[in-house]
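Asks: coordinates only, no sequence provided:
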């Protein structure tokens, strides 16, 4: 143990013999790690916001629907006994809220034309309390309990059909029996989410009216959406839902309901990690160069140590200690600076509106211009360990030079 302490003290003194080079190396590690933490935490925060927004707008983190609905969506493939299923779901620990949806297809007609739309029958009280569309009303008001033959539509759809608040429109669709039905409705409000797909092709109507429109019973719906407090711990909710839901009902995760969004996030996250890996690699290359130059410059000093009886393994250990000290110092400073900046962006958010002036949507869902970073202790510890152990491993390559030192030849010069 005492020998290790001696080697550690010698290593600490050695790295400060060339202060400029040491600080350049430490700064490179700090800068690279800071950038990696910021970009990864911002990316994770953006994905988390996007998933939350999409899940609240659609069927939740977990969706219960007819087993055949995903293969061939049809209004006659419904979930029965929704009240009982919802009460059991809401009793689960990780469940934040539930909602019921009646989702169908139809055509909206006005005097100016006709457009095919997705029709969402929702519970106005629940939507107004926790879901995003109800808070994006630009004109008029959102749906209320007791509304009949009232709809809210996107601003782009309203512009296309020349509709305003209070104007009439006709919804044409097929009900669960296959019969063609038409209902005269009135626009109660218009919304704008910043997504062309939703603002142009989605309308919402009260759940009671949607059941009348599609010919469903009072206790039927096409989907039961479940919002979880911790989406990562959804396995328990999935297994519990299987235990009390009828065999005809399937429990699907949001990735199954929105595969395009899930695919985009996987690809984008992979690209982000590769980019951060390149940054860390460049930082590690700086460390490797520093260690190599340090060993080559001290060839005579190392030869003297060998002549005095120091073993090759002890010199190898000294080089490992030196590079580990550089890695530990740079990683600690990088984690502190990157973690502090990311935590600030987690609390205050990073406003990207000047760079995203017209808004951006991903797979039909709009991206919030204010991004809140998602920095975790696990991320900080993982990156610290990655850089630290990578630095220690890099020292093994320059350390091979020690085994090749010819003491006699070096000391004769």
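Replies: Yep, that arrived. Here the structure is a predicted model, which means the values were calculated and not measured.
Asks: all strands for the stretch 151-300 of the chain, in order.
Replies: Secondary structure of the stretch 151-300 of the chain (DSSP state E, counting those that start in this stretch): strands located at 168-174, 180-191, 202-206, 220-221, 223-228, 249-253.
Asks: looking at the ones you listed, which is closest to residue 349?
Replies: Nearest of those to residue 349, taken as Cβ to Cβ: strand 223-228 at 21.9 Å. C-betas here are computed from N, CA, C, even on glycine.
Asks: report the mean confidence score over that closest one.
Replies: What strand 223-228 shows for mean pLDDT is 89.
Asks: output the longest strand belonging to this protein.
Replies: strand 95-110 (DSSP state E).
Asks: quick check: next helix or strand after it?
Replies: strand 113-122 (DSSP states H and E).
Asks: which residues touch the helix or strand just after that next one?
Replies: Downstream of strand 113-122, the next assigned helix or strand under DSSP H and E is helix 124-130. Helix 124-130 is contacted from outside by 56, 97, 99, 133-134, 142-145, 147, 204, 206-207, 227, using Cβ atoms under 8 Å, 6 or more residues apart in numbering.
Asks: again, only using 10 Å
Replies: For helix 124-130, contacts defined as Cβ atoms under 10 Å, 6 or more residues apart in numbering pick out 56-57, 96-101, 120, 122-123, 133-135, 137, 141-147, 150, 152, 204-208, 225, 227.
Asks: so the nearest residue to residue 113 once chain neighbours are set aside versus residue 214, what's the distance?
Replies: In space, and not counting its chain neighbours, residue 113 is closest to residue 161: 5.9 Å by Cβ to Cβ, 6 or more residues apart in numbering. Separation of residue 161 from residue 214 (Cβ to Cβ, to the nearest Å) stands at 22 Å.
Asks: which one's more surrounded, the two?
Replies: residue 214 (24 against 19; other Cβ atoms under 10 Å).
Asks: hang on, that one packs against residue 104?
Replies: Yes. At 5.5 Å, residue 214 and residue 104 qualify as touching, with contact defined as Cβ atoms under 10 Å.
Asks: need the residues touching each of those two.
Replies: Contacts common to residue 214 and residue 104, judged by Cβ under 10 Å, 6+ apart, are 75, 119, 121, 173-176, 222.
Asks: got a winner among those residues for most neighbours?
Replies: residue 222 leads the shared contacts of residue 214 and residue 104 on contacts (other Cβ under 10 Å) with 28 neighbours.
Asks: tell me how many other residues crowd the residue lying closest to residue 293 once chain neighbours are set aside.
Replies: What sits nearest to residue 293 in space, not counting adjacent residues and going by Cβ to Cβ, 6+ apart, is residue 21, at 7.4 Å. When neighbours are counted by other Cβ under 10 Å, residue 21 registers 16.
Asks: from here on, call the first residue 4.
Replies: In the new count, where the first residue is 4, that last one comes out as residue 24.
Asks: and residue 24, how close does it get to residue 297?
Replies: Residue 24 sits 8 Å away from residue 297, going by Cβ to Cβ.
Asks: between those two, what contacts are shared?
Replies: 18, 329.
Asks: that older thread, now, of the contacts of helix 127-133, which are buried?
Replies: 59-60, 100-104, 123, 125-126, 136-137, 140, 145-146, 150, 153, 155, 207-211, 228, 230 (16 or more other Cβ atoms under 10 Å).
Asks: hang on, the earlier thing: nearest to residue 15, of the strands of the stretch 154-303 of the chain?
Replies: strand 226-231 (49.3 Å).
Asks: the closest one: how far from the chain's middle?
Replies: 19 Å (Cα atoms, centre = their mean, to the nearest Å).
Asks: angle of that strand against strand 252-256?
Replies: Between strand 226-231 and strand 252-256, the angle comes out at 40 degrees (axes from the mean of the first three to the mean of the last three Cα atoms, to 10 degrees).
Asks: helices and strands around strand 226-231, which ones?
Replies: Based on contacts counted as 3 or more Cβ pairs under 10 Å, 6 or more residues apart in numbering; DSSP states H and E, the elements that strand 226-231 packs against are helix 22-60, strand 65-69, helix 85-93, strand 98-113, helix 238-247, strand 252-256, helix 257-260.
Asks: any buried residues in the shortest one, and which?
Replies: Neighbour-count burial for helix 257-260, counted by 16+ other Cβ under 10 Å, picks out 257, 260.
Asks: nearest residue to residue 395 in space, please, no chain neighbours.
Replies: Residue 395's closest residue in space is residue 327 (Cβ to Cβ, 6+ apart), at 4.8 Å.
Asks: the one you found contacts residue 398, doesn't it?
Replies: Yes. With contact defined as Cβ under 10 Å, residue 327 reaches residue 398; the gap is 7.4 Å.
Asks: any idea how far residue 166 is from residue 287?
Replies: 60 Å.
Asks: again with residue 132
Replies: Counting by Cβ to Cβ, the gap from residue 132 to residue 287 is 50 Å.
Asks: and the two? which has more neighbours close in?
Replies: residue 287 (20 against 12).
Asks: is the more buried one in contact with residue 396, as I believe?
Replies: Yes. If you go by Cβ under 10 Å, residue 287 and residue 396 touch, sitting 9.4 Å apart.
Asks: so what sits against both of those two?
Replies: Joint contacts of residue 287 and residue 396 (Cβ under 10 Å, 6+ apart) are residue 330.
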